[in-house]
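Peer 1: coordinates for the following, if possible.
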Amino acid sequence: MRRVVTWLAVSLLGTFGLAVWTAWTYHLNEHNRLLANALEAERQRSFVDMAHHVEQIQTMLAKGLATGSERQNMRYMADVNRHAAAAFTAFSSLPLPAEVSTATGKFLQQVGDFSLSLLRDEAAGRSMTEAERAELERLRRESANLYQQLNAILTQYNRGGFRWHRPAQFSLAALLHMPENPVFNPEATQSPAVAALLDGGWAQMATGFEQMPVFIYDGPFSDHVSQTPPALTGRPVTREEAEARLRALLPDLARYRTVEVAETEGNLPTYTFRLAPAGTSSQTYTATVEMTRQGGHLVSLLTERVLGSPTLDLEQAKAIGQEFLARVGYPDMVPTFAQVQDGLAFVAYALRQGDVIVYPDQAKVKVALDNGEVLGFDARQYLTHHRPRTLPAPRLTADQARAGLNPSLEVSRVQLALIPDLAGTGEHLTYEFQGKMGEDIFLVYINAETGAEEQILQLIEADGGTFTL
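Peer 2: Numbering: from 1, shown residues only. Model prediction:
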């Protein structure tokens with residue numbers, strides 16, 4: 001009798017526990033469904049907003065090409081700039097892979113920056129050049145292609161066949177199959193429509209965006225890359241020679257094995273090495289390195305890992321980046337501008353030739369602040385523009401050039417700087433004056449030969465570093 005009572009109690013307890021588990025999982029699933037639907041609605045709204053603004057961008061660019069009135073074109077370029085900013089804001093909230101989001105976001109910024117540069121030129125009485133008109137047509141064409149991709153997704157929206165993420169389900173089966181070291185994986189809940197989209201046209205188009213010329217938006221001339229054929233030194237190298245040189249330059253890559261090698265074309269043909277951790281059989285790569293096919297020059301490096309607590313400051317990171325550049329073949333580089341974000345230091349370096357900062361010859365380094373490891377490097381701009389230069393002696397002294405400044409500018413620093421022109425086809429030797437007007441800080445570039453004011457950038461100082469507009 002006592003045994004029967006015991007089993008009955010156990011059965012009742014089990015039934016009660018199962019009922020509690022069922023009610024709890026139902027509540028969690030329902031709550032998760034509501035949250036997922038709210039998030040989905042917000043992302044779809046952002047996507048629809050982005051598509052609308054991209055449609056307006058390509059329309060206004062087309063009108064700018066068609067109009068014969070500079071006054072009308074100024075209006076269209078102002079609209080392009082406004083829609084590009086709004087499209088970028090909407091786009092930033094979408095859960096896309098880094099290679100897609102970076103390229104597309106950069107393209108939207110390029111469109112906005114280019115339209116703003118045209119607006120400033122026409123406001124100053126300078127008409128659009130044929131080169132600028134050709135660039136405007138290319139941006140219009142690329143924005144039209146982007147809108148076609150977005151419109152295809154909108155069609156799926158209207159049919160109810162598109163969702164950014166499927167709601168996660170809480171169940172006993174899911175609990176039993178939970179990995180020992182769970183790491184959030186967006187692809188696990190990604191809908192088939194999104195996966196097909198990212199594997200198809202948008203990802204390919206994003207790769208094309210990387211070849212677009214870029215304009216100033218994250219530092220003085222730090223993304224000014226022209227289509228000038230690079231003056232690379234050295235003979236053509238094979239894949240094997242490039243990889244051997246790569247591992248000689250970066251001994252830390254002994255921790256990795258090569259899982260894929262691709263050849264890229266364009267203005268700077270490269271070998272792209274995709275690397276996975278040594279000692280594993282995974283084909284998922286965690287590091288990517290590019291080497292030029294001529295000369296075997298290191299172009300870029302990108303590795304990902306979980307960061308620890310910062311132990312280094314920005315000045316230490318600048319020194320680490322400078323030493324890294326000298327070691328991999330880029331000597332005489334000095335830090336220009338930097339920022340700190342999420343445990344990483346992003347530092348831009350430019351070549352110093354004598355007393356002149358050569359802004360076209362730039363490279364960027366990303367340093368982890370927990371142990372000083374270089375996690376990122378990009379020398380595409382340096383390799384595109386660097387060549388032996390005989391810099392002219394300035395015709396004007398710094399004091400003579402200062403006469404071209406606004407008298408209200410309180411100058412704190414002056415140095416010689418070689419900068420690209422606005423069209424991206426030439427270079428100017430200038431005096432770079434840093435100064436304040438009220439609470440605002442500016443960089444003013446005065447031509448060292450003519451005394452003309454070439455460019456003005458505003459410095460924005462934030463907790464993470466210094467930015468320019």
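Peer 1: quick one, domains of this protein?
Peer 2: Using automatic domain parsing, the domains assigned to the chain come out as 8-177+186-209, 239-385, 398-468.
Peer 1: neighbouring contacts of the helix or strand harbouring residue 289?
Peer 2: Secondary structure assignment for residue 289, by DSSP states H and E: strand 287-292. Outside strand 287-292, the residues that touch it by CB atoms under 8 Å, 6 or more residues apart in numbering are 232, 237, 242-243, 245-246, 250, 253, 256, 264, 268-276, 297-304, 383. Placement of C-beta: from N, CA and C, glycine included.
Peer 1: now the residues you listed: which count as buried?
Peer 2: By neighbour count, with 16 or more other CB atoms under 10 Å, those hold 232, 237, 242-243, 245-246, 250, 253, 256, 268, 270-271, 273-276, 297-303, 383 as buried.
Peer 1: Validate this expectation: residue 329 resides in a strand.
Peer 2: No: using DSSP: H, G, I helix; E, B strand; the rest coil, the assignment for residue 329 is coil, not a strand.
Peer 1: neighbours around it, how many?
Peer 2: Taking other CB atoms under 10 Å as the criterion, the count of residues near residue 329 is 14.
Peer 1: show me the shaky parts of the stretch 101-250 of the chain.
Peer 2: Counting by pLDDT under 70, the ranges of the stretch 101-250 of the chain that qualify are 101-103, 121, 123-126, 131, 156-229.
Peer 1: what's the strand ranked longest in the chain packed up against?
Peer 2: Looking across the chain with DSSP state E, the single longest strand is strand 356-368. The contact analysis (3 or more CB pairs under 8 Å, 6 or more residues apart in numbering; DSSP states H and E) places strand 356-368 against helix 314-327, strand 333-341, strand 344-353, strand 374-378, helix 380-385, strand 410-420, strand 427-437.
Peer 1: now, which of the contacts of strand 287-292 lie within strands?
Peer 2: 256, 264, 270-276, 298-303.
Peer 1: distance check, residue 113 against residue 119.
Peer 2: Distance of residue 113 to residue 119, computed by CB to CB, to the nearest Å: 11 Å.
Peer 1: repeat that for residue 363.
Peer 2: 31 Å.
Peer 1: number of nearby residues for the closest residue to residue 242 other than its chain neighbours?
Peer 2: Counting by CB to CB, 6 or more residues apart in numbering, residue 291 is the residue found nearest to residue 242 once chain neighbours are left out, at 4.3 Å. Residue 291 has 24 neighbours, counted by other CB under 10 Å.
Peer 1: then residue 443?
Peer 2: 18.
Peer 1: and what about it, helix, strand or coil?
Peer 2: Applying three-state DSSP: residue 443 is strand.
Peer 1: isn't it right up against residue 453?
Peer 2: No: Residue 443 lies out of contact with residue 453 (CB atoms under 8 Å); the separation is 11.6 Å.
Peer 1: what about stretch 397-405, average pLDDT?
Peer 2: What stretch 397-405 shows for mean pLDDT is 92.
Peer 1: quick one: residues in contact with that stretch.
Peer 2: Contacting residues not belonging to stretch 397-405 are listed as 394, 411, 414, 431, 433, 435, 444, 446-448, 451-453 [CB under 8 Å, 6+ apart].
Peer 1: of those residues, which is the nearest to residue 127?
Peer 2: Set against residue 127, the nearest of the contacts of stretch 397-405 by CB to CB is residue 452 (17.6 Å).
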